[in-house]
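Q: coords below, sequence missing:
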Ligand code: NAD
């Protein structure tokens, strides 16, 4: 049994903490929102009255927070107060520069740390089947891996500090761009009188094959479990896709990488969000593409 402090018990953090409890760990949780704490208490988490109280006696501190600024403020506050030997794991999706800064704060105080963002969404968090993409030293990863196990379907050690966040945003940039491409193909097929099923049957077994087509198909019918069959209820919300595409753009600018399709995808999702559609599944972008076609024709 490990004593784990869990900071940030929102949509993802709460079910992740619950799986750690189920695996027999002592989990001490904190969140700013009282309802999240109540929910965590119902899942067997020992709720604390402050972040400092949550890390008392903890061997591992896990953070699952909205963005880089929240992670850095929690690290600046908690790392100096943490006991010698405490491992810090940040599973939030944040920018690579902030992730590296968080590692540096831990290192300044002689503590090990891992950036370990996830994919798999709330469903994966509940089922304990998240994919963790970890960045940090071999020594830190060796301690982190068994702690992550009860929440994970897969754990990949991607490299040094920030490599987990780098893997996450590169993957999601592929996903955002490919979903738009698949949506465009279906909109073109509709205009050409080609049925959804016919395009699916061809492309899913040809060179157009990709996850956005075969798992998250943006039209209802060919893949019964895809969000298109339930009015684009997420799934993975368009606003979260936009967040990740913007992180990828920030990283690309900082690193001097050319990502013109990533930039265009970020712009398209930004318009979709500005139209009040950010809460829809990101595959709902096909509705925006149909609307755009209608506007351009008129
Ligand atoms: P969320 O907004 O539901 O949860 C974040 C929680 O952090 C909130 O409950 C908030 O009160 C808490 N918080 C903020 N500042 C705090 C502080 N200083 N101290 C304690 N608690 C604090 O978000 P979420 O959906 O759980 O996502 C968390 C992270 O995981 C994000 O970075 C997100 O991008 C990433 N992520 C989300 C999904 C998803 O499908 N929701 C999938 C993969 C990754």
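A: Sure, I can see it. This is a predicted model, so every value here is computed, not measured.
Q: Give the closest residue to the closest residue to the ligand within the chain in space, chain neighbours not counted.
A: Closest residue of the chain to the ligand, CB to the nearest ligand atom: residue 10 (1.9 Å). Quick note: C-beta positions are derived from backbone N, CA and C, even for glycine. Once flanking residues are discounted, residue 10 sits nearest to residue 36: 6.1 Å by CB to CB, 6 or more residues apart in numbering.
Q: isn't that neighbour right up against residue 14?
A: Yes: shown here, residue 36 and residue 14 form a contact pair, counting by CB atoms under 8 Å, at 6.3 Å.
Q: the more surrounded of those two?
A: Neighbours per residue, other CB atoms under 10 Å: of residue 36 and residue 14, the larger number sits with residue 14, 24 against 21.
Q: And that one, how far from residue 259?
A: Noted for residue 14: a distance of 34 Å to residue 259, by CB to CB, to the nearest Å.
Q: same check, this time on residue 204
A: Taken as CB to CB, the span from residue 204 to residue 259 is 27 Å.
Q: More neighbours: these two, which one.
A: Neighbour count, other CB under 10 Å: between residue 204 and residue 259, residue 259 has more, with 19 against 15.
Q: For residue 185, which residues are in contact?
A: By CB atoms under 8 Å, 6 or more residues apart in numbering, the residues touching residue 185 are 199, 203, 208.
Q: list the buried ones in the top strand by length along the chain?
A: Assignment by DSSP state E gives strand 152-159 as the longest strand of the chain. Buried positions in strand 152-159, judged by neighbour count with 16 or more other CB atoms under 10 Å: 152, 155, 157, 158.
Q: And this structure, split by domain according to the record?
A: Following automatic domain parsing, one gets these domains for the chain: 3-160, 166-289.
Q: Mean pLDDT added to those domains, as JSON lines?
A: Shown next, in JSON lines, are these (pLDDT from 0 to 100):
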{"stretch": "domain 3-160", "mean pLDDT": "97"}
{"stretch": "domain 166-289", "mean pLDDT": "97"}
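Q: Pick the most deeply packed of these.
A: Of the domains of the chain, the one with the most neighbours on average (mean count of other CB atoms under 10 Å) is domain 3-160, at a mean of 20.
Q: what distance separates the start and the end of that domain?
A: 25 Å (CA to CA, to the nearest Å).
Q: hmm, back to that, so what's the residue of the chain closest to the ligand up against?
A: Taking CB under 8 Å, 6+ apart as the test, what residue 10 contacts is 31, 33, 36, 64, 66.
Q: Which positions in the chain make contact with the ligand?
A: Selection of the chain residues close to the ligand by CB under 6 Å from any ligand atom yields 7-13, 30-33, 36, 51, 64-66, 70, 74, 92-93, 118-119, 121-122, 236, 240, 243.
Q: Now, those that are in strands?
A: Secondary structure from DSSP E places 7, 30, 118, 119 of the residues of the chain next to the ligand in strands.
Q: How about the contacts made by the second one?
A: Okay, so that is residue 30. Here residue 30 is in contact with 5, 6, 7, 9, 37, 47, 48, 49, 50, 51, 53, 54 (criterion: CB under 8 Å, 6+ apart).
Q: what does stretch 248-261 rub up against?
A: Applying CB under 8 Å, 6+ apart, the contact partners of stretch 248-261 are 95, 96, 97, 166, 169, 170, 172, 173, 177, 262, 263, 266.
Q: Can you give me the distance of the fifth one to residue 128?
A: In other words, residue 169. Note on residue 169: its distance to residue 128, by CB to CB, is 24 Å.
Q: Past the lengthiest helix in the chain, which element shows up next along the chain?
A: Taking DSSP state H as the criterion, the chain has its longest helix at helix 163-191. As assigned by DSSP states H and E, the chain's next helix or strand after helix 163-191 is helix 196-203.
Q: Show me what the helix or strand following that following helix is packed up against.
A: Scanning forward in sequence from helix 196-203 by DSSP H and E, the next helix or strand is helix 211-214. Contact here means 3 or more CB pairs under 8 Å, 6 or more residues apart in numbering; DSSP states H and E; on that basis helix 211-214 packs against helix 163-191.
Q: what's the angle from the helix it packs on to helix 196-203?
A: Helix 163-191 runs at 130 degrees relative to helix 196-203, counting by axes from the mean of the first three to the mean of the last three CA atoms, to 10 degrees.
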